[in-house]
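> Got a predicted model here, sequence first, then my questions.
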Amino acid sequence: MQTYFTIIEALGNFSRITSPARCAARIGQAFSETPFAVPLGENKIVVTTIPDVRSPDGSRIFSDGVGTISWDVMETIRDNLTQKKGSPTCFQIRLGGAKGMLAVDSRLSGSFIQLRPSMIKFDSEDMQDLGICDMASKPILLVLNRQMIKILEDMGVSDDWFFKLQNTELARLRGITANIHNTANFLKAQNIGDSIRLHKLFRQCELLGIDCRKDEFLRSVVEAVVLRELRLLKHKARIPVKKGITLFGIMDETGFLQEKEVYVTFNTMDRYPPPPGPGRLLVTRSPALYDGDIQFANNVVPPKDHPLLEHRNCIVFSQKGNRDLPSQLSGGDLDGDLYNVIWDTDARPIQTFAPADYPRVSPIDIGRAVNVNDMADFFVDFMRTDHLGVIATRHMILADQKEMGTRHPDCKKLAELHSTAVDFSKTGIAVKMEELPRTTNNFRPDL
């Protein structure tokens, strides 16, 4: 007979974790969705550990959440994927008590997976299969949001740039129903009816001389999706950036990139702009509330035959400097975070701001092994005191009303509280509502 405690015991050893919040998070880690799995024993894959890459003073972990795999292991993983997943070179994984990203290092020979201590969250003997949660099979189109727009505005980006992007998107949405080619491409890009290849139905109808716009059902499908995009544009400011992309982040294992340098690479697939060449670009990560959550970086293209050129659909960060760039972008790391990149020369910030540097908060420690009642009490407390949405909304209101925008001390305080609230599920430390700066009115910005 299986019970909850026998299942948890089979997952790993959680007795060393004395924080209810962290223990619940680590147990939940084992239940992450893994659509694909690769048997390690059958494929003779060897799992080893390598040290983390740290800053010169040892206070920063540049390799936080990312390990490496050999070329042979990458090909083995690809053989276990469906063909439409393409040829990814980095994967978000779960392996026993470890989680994070694995990126190919073509310099490795044999069938090796190299984990780092920052990836291993608890001890586990369940090491039979490598679970694939996600992968960099294709880039993701970058869309702005209200927080990002406000910070860019405070950095001095011209309003004309935002209006230009918005008008371009409106013109595109108006042209969706102009012809079947536009409609089919739109449905495919939005993954509408992807399982039944709905976009191909529209194209087949065109070949048969059937006007889909005269069919009430097919017309209503297209209208509903277009209306959804218009609502997101109006109420959430979800404005696409043509010269921008969203990618998984990994670390440069070779040491080629210098401080504040990145390498951006992705497949165009006829839908995306070509990758940026050498030069300066903007890098950020959502949610971005602190005025320093958007930073400049220098894009560098490695020379011919360099190992970094093997990567696809990712942004490679440097392992050099006093502080890693991901941690400067809304407290990011490399265990599967997505990063936004903008290289549009029309987006010219006048200034940038210093990134946030919040002290690492230790989770609540009850001084003994966590039991089921401790986790149940935490879950109830979490449901009662999770104020993440309230903090984000108040930040948006104050940033709009204060002349200094996101630079105002109240907005910076809210950004810090937001960071605490994000970590609440792992630390058990809640935000006290009385600490929130108050607003004179609750009028939200008119978007």
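Good, I have the coordinates. Just so we're clear, the structure is a prediction, and the values are computed from it rather than from any experiment.
> any chance you could map the strands in this protein?
Taking DSSP state E as the criterion, the chain contains strands spanning 36-39, 46-49, 66-69, 90-95, 98-104, 112-115, 129-135, 140-143, 240-251, 261-265, 279-284, 295-299, 314-317, 338-342.
> In JSON lines: the ones you listed, plus mean pLDDT.
Output for the strands of the chain, formatted as JSON lines (pLDDT from 0 to 100):
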{"stretch": "strand 36-39", "mean pLDDT": "92"}
{"stretch": "strand 46-49", "mean pLDDT": "95"}
{"stretch": "strand 66-69", "mean pLDDT": "97"}
{"stretch": "strand 90-95", "mean pLDDT": "95"}
{"stretch": "strand 98-104", "mean pLDDT": "96"}
{"stretch": "strand 112-115", "mean pLDDT": "96"}
{"stretch": "strand 129-135", "mean pLDDT": "93"}
{"stretch": "strand 140-143", "mean pLDDT": "93"}
{"stretch": "strand 240-251", "mean pLDDT": "96"}
{"stretch": "strand 261-265", "mean pLDDT": "97"}
{"stretch": "strand 279-284", "mean pLDDT": "96"}
{"stretch": "strand 295-299", "mean pLDDT": "97"}
{"stretch": "strand 314-317", "mean pLDDT": "97"}
{"stretch": "strand 338-342", "mean pLDDT": "97"}
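> right, so of these, which gets closest to residue 398?
Among the strands of the chain, the nearest to residue 398 by Cβ to Cβ is strand 279-284 (20.1 Å). C-beta coordinates here come from the backbone N, C-alpha and C atoms, glycine included.
> so where's the stretch 1-150 of the chain uncertain?
Counting by pLDDT under 70, the ranges of the stretch 1-150 of the chain that qualify are 83-84.
> any idea where the helices of it begin and end?
Ranges of helices within the stretch 1-150 of the chain are 4-11, 20-29, 71-79, 146-154, based on DSSP state H, counting those that start in this stretch.
> Can you redo those helices as CSV, where the extra columns are distance to residue 208 and mean neighbour count?
Output for the helices of the stretch 1-150 of the chain, formatted as CSV (distance: least, Cβ to Cβ, whole Å; neighbours: other Cβ atoms under 10 Å):
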stretch, distance to residue 208, mean neighbour count
helix 4-11, 54, 12
helix 20-29, 50, 21
helix 71-79, 37, 19
helix 146-154, 44, 21
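> Just name the most buried of the strands of the chain.
strand 66-69 (a mean of 27; mean count of other Cβ atoms under 10 Å).
> partner strands of that one, parallel or antiparallel?
Strand pairing for strand 66-69, determined by DSSP bridges: strand 98-104 (parallel), strand 112-115 (antiparallel).
> Let me see the residues that make contact with it.
Applying Cβ atoms under 8 Å, 6 or more residues apart in numbering, the set of residues contacting strand 66-69 from outside is 50, 77, 91, 100-105, 108, 112-116, 119, 250-251, 253, 334-335.
> longest single helix anywhere in the protein?
Ordering each helix of the chain by length in residues (DSSP state H) puts helix 216-235 first.
> the inter-axis angle of that one versus strand 240-251?
For helix 216-235 against strand 240-251, the angle by axes from the mean of the first three to the mean of the last three Cα atoms, to 10 degrees is 80 degrees.
> Can I get helix 216-235 as CSV, trimmed to CA atoms?
The C-alpha coordinates for helix 216-235 follow below in CSV (Å, rounded to 0.1, in the frame of the first residue of the first chain):
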residue,chain,number,x,y,z
GLU,A,216,-20.0,31.5,-38.9
PHE,A,217,-17.9,29.1,-36.7
LEU,A,218,-14.5,29.7,-38.4
ARG,A,219,-15.1,33.4,-38.5
SER,A,220,-16.0,33.6,-34.8
VAL,A,221,-12.8,31.7,-33.9
VAL,A,222,-10.6,34.2,-35.7
GLU,A,223,-12.6,37.2,-34.3
ALA,A,224,-12.3,35.8,-30.7
VAL,A,225,-8.5,35.4,-31.0
VAL,A,226,-8.1,38.9,-32.5
LEU,A,227,-10.3,40.4,-29.8
ARG,A,228,-8.2,38.7,-27.1
GLU,A,229,-5.0,40.3,-28.6
LEU,A,230,-6.7,43.7,-28.7
ARG,A,231,-7.7,43.4,-25.1
LEU,A,232,-4.2,42.5,-24.0
LEU,A,233,-2.8,45.4,-26.0
LYS,A,234,-5.3,47.9,-24.4
HIS,A,235,-5.4,46.7,-20.8
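> what packs against that helix?
helix 159-174, helix 180-189, helix 198-207 (3 or more Cβ pairs under 8 Å, 6 or more residues apart in numbering; DSSP states H and E).
> These into JSON lines, with extra columns for mean pLDDT, mean neighbour count and distance to residue 298?
Output for those, formatted as JSON lines (pLDDT from 0 to 100; neighbours: other Cβ atoms under 10 Å; distance: least, Cβ to Cβ, whole Å):
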{"stretch": "helix 159-174", "mean pLDDT": "95", "mean neighbour count": "14", "distance to residue 298": "21"}
{"stretch": "helix 180-189", "mean pLDDT": "88", "mean neighbour count": "18", "distance to residue 298": "31"}
{"stretch": "helix 198-207", "mean pLDDT": "89", "mean neighbour count": "16", "distance to residue 298": "39"}
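> Would you reformat these as CSV and include distance to residue 60?
Compiled in CSV, the helices and strands packed on helix 216-235 are given as follows (distance: least, Cβ to Cβ, whole Å):
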stretch, distance to residue 60
helix 159-174, 33
helix 180-189, 39
helix 198-207, 46
